[in-house]
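In: Below are the sequence and a predicted model; questions follow.
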Amino acid sequence: MNRMKLDTCFRRLRRLCVAGTVGWIASLCLWSVSAQEVEFEIQAPLTVANGQQFQIEYAASTTGDLNGAQFAPPTMPEGIEILSGPVRATGVFMSNMGGVSESRQTHTYTYWVRATRAGKITLPAATLTVGNKRYTAKSTVIESLENGAPEGARPAGNGGRNSGGAAGETAAPAPKTTVASDDILLRMEVSKNDVYKGEALVATLRIYTQIEISGLQQIKYPALNGFWAQEMDVSGQGGERVTVGGKVYLSQVLRRWLLYPQRTGTIEIEQTQLTAVARLVTQMPSTGSPYDLFFGGAAQVKEVPTRLSTPVVRIRVKELPQPQPADFSGAVGQFQLTGVISGDRFPAHSAGSISLRLTGTGNFPLIEAPQIDLPVAFEQFDTKTTERLASTLRGTTGERTYEYPFIARAEGTYEIPAVGFSYFDPATGRYDRLTTEAFHVEIVRGEGGSGSGLGMVSGVTKEDLKLLGSDIRFIRMGDPHLVRQGRVFLWSWGWFLAAIGLAALFVGLLFYLQHRIRERADIVRVKTRKANKVALRRLKRAKAYLAAGKESPFFEEMLRALWGYMGDKLAISVADLTKDRVRHVLVVERGIPDEEAREFLNLISECEFAQYAPAGGVQMDKAYQAALDWIGRFESKI
C-alpha cells in the first residue's frame, strides 16, 4: 500500500515538472515575441485622380519572427473601391551596420483600389496581432482630384476578385512585372544656365520614381571640370511629390553642389550614371485554396535593375566686363565692408591691429584679402583671417574678417588711408566699390623712455632717428678689466679664427634660408611631401568613425583621404582629379602596374557606393585596411 502511494506521488511530481517546463518554455516564447520590435505602418500616395487605380500597403517588419501574425483587414471607407487584395508578401531584409549583420522579416499586405469620388478620403487603420500583442497602423488622408486619370496612367493588369461586390463584377489590376521608361527618371537640374565667371549656381541631382526602389548601384558622378565645387548637405531633406509631364512622382535629392565657374565659354556638366534596383511585387496565380479565397493568393518580390543617366548640361559662362577696377580681386556677388582699428593712440613699439569685416553673399572661397597701405614707420605682420560661412542656394553666405596686426616704431601722428574693395554684382551687371574711413593714429613715447641709450626725437619718423649718447661718455665704475699691453685680442689668431667661423656660419645660414625659401615657394612639392601625413591623419579620423559604427561619416572621410592623397602625391589639381586622370598618371607616368591602379580605383568606387547605399555590403574595416595597405605599398615604390 505504501509502495502504491509512493508511485502515485512520483507520477504526480513528474506531471508537475513536465507541466512547469512546458509553461516556462511557452512563457519564454511569448516574452520573446512580445519583446521584439515590430514596425507596422500604412503606405499610400498623397494625391490620386478620381477613377485612378493605386496601391495601399500595410507593411510590418521586425528583427524577430512574424510567422503566425494575424492581420485584421480594415473596412474601406466610401469613395474607395477594392479591386483586389489583400495580397500578402513576405521577405527577409539583410543589413550590415558597423560589421554587424541584422536580419529583418517583413510582411506586406497590398490592396489594389480605385478612387470613386473627389475630395479628401481617410484611409482606415489596420491591426496586426503578433503573439499576444497588437500593433496598429495609423490612418492617413489622401486627396482625390476631380480631373480624371493622369495622362499616361496605365491599369496595372487584370485578375483577382472584388471584395466590395460579387466576384467578377470589376476587373482587378495585375501588378507590374517590368519597369517602363518613365517609371524612374534621373535629372541634373541647375539653377542657372547663363552666368558670369565666378557667379554662383547650384546643380541638383534628383531621382523621380513612380515605383519602389531598393537601392542604387554603380554610381558615377560628374567630374565638374571647370568649376570650383562645394558639395552641399542634403541628408535632412525628405522626398516630395511633384508632377512631371502630367504624372505624379516621388522626387528625392541625391546630391547637390554649389558651383563657381572658373573659365569662360561653354562648360559641360557630364552625365551621371547609376543603376536603380526596382522592387516589384507580383501576384502568383491562384491555386483555388481557401487561403487564396480570403487573402487573394500569395505574392513574390522581384528586383529589376534599371540603368539611368542624365543628359549633358551645358552652362554658358560670360567674361566679366572690362576694364576692371584696380583693386578688383575676383569678388562676385553682393557684399558690405566695414573697418575698425583697435585704438587711435598707442605707445611706441606697442602692437595694434586693423580689422576689416566683409559680409554678404558671393564667391567667398575665391576672394583675396584687401590690400592695406601702412606708413613706413609701421611694421606689418601676416594677416589673420576668420570666417563664418554657409553654402546656400544663392551662394556662399556669411562673413569673413581680415585682421592686420602692426607695431608702430616711431612717435608721431599718422593717417592710414581708407581701404577700398571692388566687386562685381551680377544682378546689376556692373562693378561696385566699397571703402572704409581713413584711420587716424597717434603714437606717443612709451613708458620709461626709450632706454639702452637709443632715444627717439618726438615728432619724427624712424628714418630721422638720432643716436644719442655717442658724444658724451659716462665715467666707468667698478673693475675696468685692464689688459696687459701686448696681449690684445684684436688681430690675434683667436680673433681670425672667430672671424672665419662667424663668416662660415653666416654663409651656411644664408644657403639654408635660401633653400627653405625655395622649398616653401614650391607649393606642389610641399603638398607632395606631406601627402602621406595628411592622408594618415584623415584615416585616423575615419578609424574613429569605424569604432563608433558611423558608416556614412566613415566612408566620407575615407574618400577625402584617398582623393586628397592621390591629388597631392601626383600633383593633380582638384579640377582635374578624375579616375581616368589618376589611372593615366599611375600607369603611364609613374609606372605602377595596372592591377594596383585598378585596385585603388575599385576601392574609391566601393567607398562611393557604400556612402550613398549603406546596405551595399561594403565592410568598413576591410576598406580601412585596404586603404592603409595600398598607401603603404605606393609610398615604398616612389
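Out: In hand now; what should we look at? Residues are numbered from 1 along each chain as shown.
In: Which phi and psi values does residue 222 adopt?
Out: The phi/psi pair for residue 222 (degrees, to the nearest 10) reads phi -70, psi 150.
In: Isn't it up against residue 272?
Out: Yes: taking C-beta atoms under 8 Å as the definition, residue 222 is a contact partner of residue 272 at 5.8 Å. Heads up, the C-betas are built off the backbone N, CA and C, glycines and all.
In: shared neighbours, these two?
Out: Counting by C-beta atoms under 8 Å, 6 or more residues apart in numbering, the contacts common to residue 222 and residue 272 are residue 188.
In: Run through the neighbouring helices and strands of the host helix or strand of residue 241.
Out: Element membership for residue 241 (DSSP states H and E) is strand 240-244. Where contact means 3 or more C-beta pairs under 8 Å, 6 or more residues apart in numbering; DSSP states H and E, strand 240-244 is packed against strand 247-261.
In: Give the rounded mean pLDDT of the strand it packs on.
Out: The pLDDT scores in strand 247-261 average 90.
In: and the helix or strand following that strand, which strands flank it?
Out: Next along the chain after strand 247-261, taking DSSP H and E as the criterion, comes strand 265-269. Using DSSP bridges, the strands paired with strand 265-269 in its sheet are strand 313-318 (antiparallel).
In: Outside of the strand it pairs with itself, list whatever touches it.
Out: 188, 190, 192-197, 201, 203, 261, 263-269.
In: Mind checking which of those are buried?
Out: Buried by 16 or more other C-beta atoms under 10 Å: 188, 190, 195, 196, 197, 201, 203, 261, 267, 269, out of the contacts of strand 313-318.
In: out of those residues, who's nearest residue 61?
Out: Comparing the buried ones among the contacts of strand 313-318 against residue 61 with C-beta to C-beta places residue 188 closest, at 33.7 Å.
In: could you measure that closest one against residue 421, distance?
Out: 35 Å (C-beta to C-beta, to the nearest Å).
In: Would you mind measuring from the residue nearest the centre of the chain to residue 249?
Out: When C-alpha atoms, centre = their mean is applied to the chain, the residue found nearest the centroid is residue 233 (5.1 Å). According to C-beta to C-beta, residue 233 and residue 249 sit 23 Å apart.
In: Report how many residues lie close to residue 316.
Out: Neighbour count for residue 316, taken as other C-beta atoms under 10 Å: 13.
In: Could you give the bridge partners of it?
Out: Assigned bridge partners for residue 316, using DSSP bridges, are residue 194, residue 266.
In: how near is it to residue 200?
Out: When residue 316 is compared with residue 200 (using C-beta to C-beta), they lie 15 Å apart.
In: Now flag whichever of the buried ones among the contacts of strand 313-318 is closest to residue 58.
Out: residue 188 (36.3 Å).
In: what ranges do the helices span in the stretch 251-400 of the chain?
Out: Here the stretch 251-400 of the chain has its helices, by DSSP state H, counting those that start in this stretch, at 290-295.
In: so residue 244 makes contact with residue 207?
Out: No: using C-beta under 8 Å, residue 244 is not in contact with residue 207, being 11.6 Å away.
In: shared neighbours of these two, anything?
Out: residue 185.
In: Settle it for me: which of the two has more neighbours?
Out: The neighbour comparison of residue 244 against residue 207 (other C-beta under 10 Å) goes to residue 207, with 22 against 13.
In: tell me the pLDDT at the more buried one?
Out: 93.
In: likewise the one 10 residues further on?
Out: You'll see residue 217 listed with a pLDDT of 90.
In: count of residues packed around residue 146?
Out: 10.
In: now it, nearest residue through space, not along the chain?
Out: Closest residue to residue 146 apart from its sequence neighbours, by C-beta to C-beta, 6 or more residues apart in numbering: residue 118 at 3.7 Å.
In: you'd agree the one you found is up against residue 50?
Out: Yes: applying C-beta under 8 Å, one finds residue 118 in contact with residue 50, separated by 4.9 Å.
In: between these two, what contacts are shared?
Out: Contacts common to residue 118 and residue 50, judged by C-beta under 8 Å, 6+ apart, are 144, 145, 146.
In: Quick check: the last one touching residue 52?
Out: Spelled out, it's residue 146. No: using C-beta under 8 Å, residue 146 is not in contact with residue 52, being 11.4 Å away.
In: Backbone dihedrals for residue 64, both of them.
Out: According to degrees, to the nearest 10, residue 64 has phi -100, psi -130.
In: Poorly predicted segments of the stretch 201-350 of the chain, please.
Out: Residues of the stretch 201-350 of the chain that meet the criterion pLDDT under 70 lie in 282-300.
In: now do 90
Out: 210-215, 234-251, 278-304, 327, 329, 343-350 (pLDDT under 90).
In: can you give me the strands for it?
Out: 201-209, 213-220, 227-231, 240-244, 247-261, 265-269, 273-283, 299-309, 313-318, 328-341, 345-347 (DSSP state E, counting those that start in this stretch).
In: Save those strands as a markdown table, and put in distance to residue 427 too.
Out: Output for the strands of the stretch 201-350 of the chain, formatted as a markdown table (distance: least, C-beta to C-beta, whole Å):
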| stretch | distance to residue 427 |
| --- | --- |
| strand 201-209 | 14 |
| strand 213-220 | 36 |
| strand 227-231 | 20 |
| strand 240-244 | 28 |
| strand 247-261 | 16 |
| strand 265-269 | 21 |
| strand 273-283 | 36 |
| strand 299-309 | 35 |
| strand 313-318 | 14 |
| strand 328-341 | 7 |
| strand 345-347 | 42 |
